[in-house]
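> Pasting the sequence and the predicted coordinates here, then a few questions.
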Amino acid sequence: MIVPESPARLIEEFLPQVLGQLLAGAAPAATAGGTITAGRRTAAPATAGVGLRVVGAGEWTLRISGEQLLVAPGIAGDVALQLSMTARDFEPLVVAPLRSALAQREAGAELSARSVWQRLGRWDAETVELLRRQTGSILLRIQDGELTRAVALTPSTQPFSLEAASCTIECALADLQKLQEQRGNPLDLFYQGQIRISGDAQIALAMAGLFI
């Protein structure tokens with residue numbers, strides 16, 4: 001399976017199709033009142049979207065609906081979180097990891113996709129509201145040889161920046177790949193000095209709970 005390098009094709013066509021194939025039966029069984037998990041009822045997943053911005057290529061809003069990933073152009077006004085990067089950084093930070101995961105499709109890719117889906121399924125209305133009220137943003141700076149690549153995580157529709165943030169997290173691309181492939185633990189890498197945090201670390205801890 002060929003992963004397109006074009007952000008528009010990958011986000012609008014490839015991701016919904018591939019995730020749909022990998023996640024058949026993986027999404028939580030939602031009801032009007034919530035989800036039944038291990039005999040207890042949890043809050044229903046929120047419908048708020050995640051904004052994805054590739055500077056120089058376009059902007060999109062991604063939403064979960066059952067076992068489907070819905071993609072719409074533009075950043076919607078109700079997004080809970082924005083992820084921003086430049087078109088230059090899209091291939092090494094998005095395309096390359098997808099290619100690696102799909103090369104191990106029977107094991108790694110399916111496990112990773114289901115894990116991400118389950119985490120996003122925990123974004124109930126209360127979680128989304130807490131995220132929207134977050135006033136600080138995170139800038140992830142990734143060292144790739146002599147190049148520094150950046151991803152901004154910005155709550156709600158607050159202005160984004162790829163230059164500065166309330167909290168900055170720095171790591172090498174190789175260490176980020178370990179995390180993406182679940183070959184490393186973020187806490188272990190932090191204590192080893194491979195992940196460095198500056199600014200308001202509480203913001204990083206608050207947002208980490210949404211993904212870990």
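Nice, thanks for sending it over. Because the structure is predicted, anything quoted here is derived from the model rather than measured.

> which of the residues in stretch 130-142 are buried?
Of all the residues in stretch 130-142, those buried under the rule 16 or more other C-beta atoms under 10 Å are 131-132, 134, 136-142. C-beta: built from backbone N, CA, C; applies to glycine.

> out of those, who's nearest F190?
Here the nearest of the buried residues of stretch 130-142 to F190, counting by C-beta to C-beta, is L140; it sits at 13.5 Å.

> thought that closest one was touching L153?
Yes. Contact criterion C-beta atoms under 8 Å: L140 and L153 qualify, at 7.0 Å.

> Inside strands: which ones of the buried residues of stretch 130-142?
Counted as lying in strands by DSSP state E, out of the buried residues of stretch 130-142, are 138-142.

> Specify which member of those is nearest to L69.
Nearest to L69 among those, counting by C-beta to C-beta, is L140 at 22.3 Å.

> So, low pLDDT: which residues of the chain?
1, 22-47, 105-123, 208-212 (pLDDT under 70).

> can you tell me which residues contact G49?
Counting by C-beta atoms under 8 Å, 6 or more residues apart in numbering, G49 makes contact with 61-63, 72, 76, 78-80.

> Farthest-apart pair in these, please.
Among the contacts of G49, A72 and A80 lie farthest apart (C-beta to C-beta), at 14.8 Å.

> sorry, back to before: which one of the buried residues of stretch 130-142 is nearest P97?
P97 lies nearest to I142 out of these, by C-beta to C-beta, at 11.7 Å.

> How about the closest one, nearest residue that isn't a chain neighbour?
The shortest distance from I142 to any non-neighbouring residue, by C-beta to C-beta, 6 or more residues apart in numbering, is to R149 (4.5 Å).

> mind listing what that neighbour touches?
85-86, 88-89, 92-93, 141-143, 173.

> Which members of these are classed as buried?
Among the contacts of R149, those that count as buried by neighbour count (16+ other C-beta under 10 Å) are 85-86, 89, 92-93, 141-142, 173.

> Sort out for me which of these are in strands.
Those of the buried ones among the contacts of R149 lying in strands (DSSP E): 85-86, 141-142.

> Could I get these in CSV, plus columns for distance to S161?
CSV is the format used below for those (distance: C-beta to C-beta, whole Å):
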residue, distance to S161
M85, 12
T86, 12
R141, 12
I142, 16
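
> Now name the helix or strand holding the residue nearest to I142.
Element membership for R149, per DSSP states H and E: strand 147-155.

> for that strand, the distance to its chain's centre please.
Relative to the chain's own centre, strand 147-155 is displaced by 12 Å; criterion: C-alpha atoms, centre = their mean, to the nearest Å.

> Going by neighbour count, list what's buried in that strand.
Neighbour counts over strand 147-155 (16+ other C-beta under 10 Å) mark 149-155 as buried.
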